[in-house]
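1. fold the following.
(2 chains)
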Amino acid sequence: MGGKQARGRNGVGDAAGPSERGGVVSGGATVLGVDRSRVVLDPRFPAAMAAASVDGATLFADIFRDGADRLLLVGGPLARELVAAGAVEVADAATGAPCGLAELGGSSAGGVAWEVAAPPGCLALQFRLGSRVVVRPVQPWLGAAFADGRVLLAVDFGCSLDRVATWARFHAVHLGVDAVVVAHRAAGDPRDVAAALASVPGIGLVVVVPWDDVVAAPPDEEGDDADWLTTAVLEQARHRLLGRAAWIAAVPVEAGLLLGRGRTVDGLLAARPRAAWLGVAASGKTRSLALEGDSGTGIGGRAPARGWVAVPGRCPDGAVFRPEGVAGAPSLELRAADAVVAALPAEAGGVRGVPPRLRAALAEALTGWEPTVAPWSAATSGHPDLIRAEAVLLAAAGEPERALAVLHEAIRLEPWHPAQAELRRDLLRDIARRGEEAER
Amino acid sequence: MTAATVLDVACSPLWIDPRQNPPLSPLRAAPYRTREATARHDAFTLLADIFRDGKGRTWAVGPPLPAAWRQPGMLRAWSAATGEPVVVKTLPDRHVMLPQHYRLARARSGGVLVAAGDQVEAVAVQPCLGAWFAGRRVLMAVSRDNRLAWVADWARFHQVHHGVDAVLLFDNQSTAYASGDVARTVATVPEIAVVAVVPWAVGHGSSTGRLGWRRTDMNHGQAIAFALARRRFLAEAEWVLNVDIDELAVPLAGRTIGDVFAASGAAAISLPVQDLLGPAGAMPDPPRHRDVLLSTAPPHVDRPKWAVMPARCPKQSAWGIHVVDNAPTVAADPAELVVAHCRSLTTGWDSRDWRRAGLDRDAPGAREETALGAKMAEAFDGWEPPTEPWGTAATGLPTGAGRG
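-> Model prediction:
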């Protein structure tokens, strides 16, 4: 936000929560809701090429400004193909003036980001695909909120809330992380994930970017581009959110980045000033992690047991954030004595197979704390109107027993409400009738 | 390949996160709420869209607010680019039941950060699309799960009889097909130049009440859509016709909407609505508008609809569901211009609705409205709309979903 006003470190007005680094704070981080401007293909309006055959397939996953006020797009192989073929016309939505696209990092980097040569102050783009014109606004740059932050970054494929919270807590205590960015690629509500992360003491700012909508072509057709989606996720986070972060630790949600005795991330980076990023290999014989969640994204059920720590300010403009590291940026691989990546136990308290060093670090992080966030539901929300509405919907859906159970909560909160007695009577009658029918 | 340009547009809503904020409680007191109204109340949409108008001003529209959300400071904003505060002006309520308008003053280029209660959201301001509808004769409606054939017939009829050349449809979370199916269907109607189907996630609400209730205070979805349409899409349109998918504005004496506007200086035309029922015999499956031509004697009149010329609308006017508030209005002569409301067509109508409305299709005296039928024949003879959804059936894959 330009630092013009005295705000919390997260730079988000006076809605900031506590953001002390490393200390035991009672939680209550700021959750910043973020959305994306997407352009998807629609076979009902064929673009001038045969590849556009998957309904809802993502052409561009986001349109946004970066810290240098450049207008950027992130997309995948379909975007590269259409742009190269001239099958998509990009223009300023206000004036219709055509805009050129230049691939960031050059095509040799195999990147997923483009810079748009748009007029100054362009607020929205239009994409003409045959007879269809997609108009989308430019999403704002949010890097100021993460300025000088120590950020934890990952893609969530559907981990339990407890596991996500434990992962964040571990890194808040062990690494001194004070902000978390998660790309949500799962079926659940990303706001539940955000709430779980925000409840972790030591975390000041949480962003969960919804990425569950992206439709990628089946992995066996993508070949080398099978992982374009994760690269697009990371590049979007880098350019739109994290360009001014002090450092970024990219660690799978199923894993922990374990520092060697006496090491700190700041110290490791300071000792290697020419490296833009540091690679962290797996501990021992672990080479891959079993991903929790559906992983129905073509990425597969396992991920490399690997992490990295990058300093955005040291990365050249043409570098590309990838799952395995930052392509096109100088790097060093950390020795095991400095840091390793190890699988975190799937269940709280699970210690089987956990290296002793990790076990000790986990114990330190989890002492006096345990995750408490559950998925939100109307029935347990504590809001009588929502609970009553849920009961009515369940009754209409032919689930009188569940409806009655939900309604009892509303009755407990507001015994006097006029509509409840009538609904309860109807539900009891319905249940009795079903019982009689079942007996017959 | 269709001749029409299909606009794929999105909205920037702000939804209440119940983990951080209280939901929107219904405005209507509990004793007057039906069970249906309780279930259909939209408790989470605080702002339906944040957008720019044709003059570059930033607006937001949303439902009227309950007391908890009217406290000072509940809605704040900053420019995402500069961090400077954006002044959120809540426009004065002319009526507590009308959609709420907000003007975000000094929202510079780029998005805004909006703090609603304990929530903070980064929002991209949607662009004005008025240029696409400039000078157009626009047909507008909110629709959910109406058969695609009906949508096509509706567009076709108004194109033939009134020269409509653009369609703005708010698709209210249809589950029978994707919004692309609707757009594709309308785009195949000849002479339609622009089609925009807005994915509309605002709850439609319910217009039913109990205990002698009369006020319309739980069905805001449609009024909010119209408020949005006026500023973001249709400010430069030649005129706009508001009729539902099961309603056809019939020029009985050859007098079109354009004719009425040309003959009067009015900003709006109030169109009388006549209810029609299905055929005397078996209802065809699927029914079409032209199958629904029975009228009771005397004809049953429903609440009016309207057509409006945006350029003639005073600033303080409001586009309601049945009336354009605070705008000079001329009432159309029902002998010349009437909206045929083909009730039997609509999704969800059944005999209880007929009885509730005091209608009976089997009543003696019910007559077939041949004049209306003739006008429908002019539009529909020799015309067969495409009806197949292209999404799931065509590709076997789930249709594209999610936010814009």
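
2. how about the contacts made by A:Glu89?
-> A:Pro98, A:Phe127, A:Arg128 (C-beta atoms under 8 Å, 6 or more residues apart in numbering or on different chains). C-beta: built from backbone N, CA, C; applies to glycine.

3. in strands only, show me those residues.
-> Using DSSP state E, the members of the contacts of A:Glu89 that fall within strands are A:Phe127, A:Arg128.

4. surely B:Ala155 is in a helix?
-> Yes. The assignment for B:Ala155 by DSSP: H, G, I helix; E, B strand; the rest coil puts it in a helix.

5. for it, which residues are in contact?
-> By C-beta under 8 Å, 6+ apart, the contact set of B:Ala155 is B:Leu139, B:Val164, B:Val167, B:Val186, B:Val189, B:Ile192.

6. just send the contacts of A:Glu89 back as a markdown table, with distance to chain B too.
-> Formatted as a markdown table, the contacts of A:Glu89 follow (distance: C-beta to the nearest C-beta, whole Å):
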| residue | distance to chain B |
| --- | --- |
| A:Pro98 | 16 |
| A:Phe127 | 9 |
| A:Arg128 | 9 |
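
7. number of residues surrounding the nearest residue in space to A:Arg38 that is not next to it in sequence?
-> With C-beta to C-beta, 6 or more residues apart in numbering or on different chains as the criterion, A:Arg38 has its nearest non-adjacent residue at 6.0 Å, and that residue is A:Ala61. For A:Ala61, the count of nearby residues is 25 (other C-beta atoms under 10 Å in any protein chain shown).

8. where does A:Ala61 sit, in terms of helix or strand?
-> Using DSSP states H and E, the element containing A:Ala61 is strand A:58-65.

9. that strand: what's the following helix or strand?
-> Following strand A:58-65 in sequence, per DSSP H and E, is strand A:71-75.

10. and that following strand, what does it pack against?
-> Strand A:71-75 sits against strand A:58-65, strand A:113-117, helix A:228-240, with contacts defined as 3 or more C-beta pairs under 8 Å, 6 or more residues apart in numbering or on different chains; DSSP states H and E.

11. sheet partners, orientation included, of it?
-> Here strand A:71-75 has these sheet partners by DSSP bridges: strand A:58-65 (antiparallel), strand A:113-117 (antiparallel).

12. before we move on, the earlier item: buried ones from the contacts of A:Glu89, can you make that a ChimeraX selection?
-> Selection of buried members from those for ChimeraX, criterion 16 or more other C-beta atoms under 10 Å in any protein chain shown:
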select /A:127,128
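
13. adding distance to B:Val260, write the contacts of A:Glu89 out as TSV.
-> Formatted as TSV, the contacts of A:Glu89 follow (distance: C-beta to C-beta, whole Å):
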residue	distance to B:Val260
A:Pro98	42
A:Phe127	39
A:Arg128	36
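
14. which of the contacts of A:Glu89 sits closest to B:Ala107?
-> Distance to B:Ala107 across those (C-beta to C-beta) is lowest for A:Phe127, with 24.5 Å.

15. can you tell me, leaving aside adjacent residues, what's nearest to the closest one?
-> Spatial nearest neighbour of A:Phe127, excluding adjacent residues (C-beta to C-beta, 6+ apart): A:Val134 at 4.5 Å.

16. just checking, A:Pro201 touches A:Val177?
-> No. A:Pro201 lies out of contact with A:Val177 (C-beta atoms under 8 Å); the separation is 11.8 Å.

17. need phi/psi at residue 100.
-> No chain was given, so I picked chain A. phi -90, psi 160 (degrees, to the nearest 10).

18. the chain in question should be chain B.
-> B:Gln100 adopts backbone torsions of phi -90, psi 130, taken as degrees, to the nearest 10.

19. for it, grab the count of nearby residues.
-> Around B:Gln100 there are 23 residues (other C-beta under 10 Å).

20. contacts only, for it.
-> Taking C-beta under 8 Å, 6+ apart as the contact definition, B:Gln100 lies against B:Val61, B:Gly62, B:Pro63, B:Pro64, B:Leu65, B:Thr90, B:Leu91, B:Asp93.
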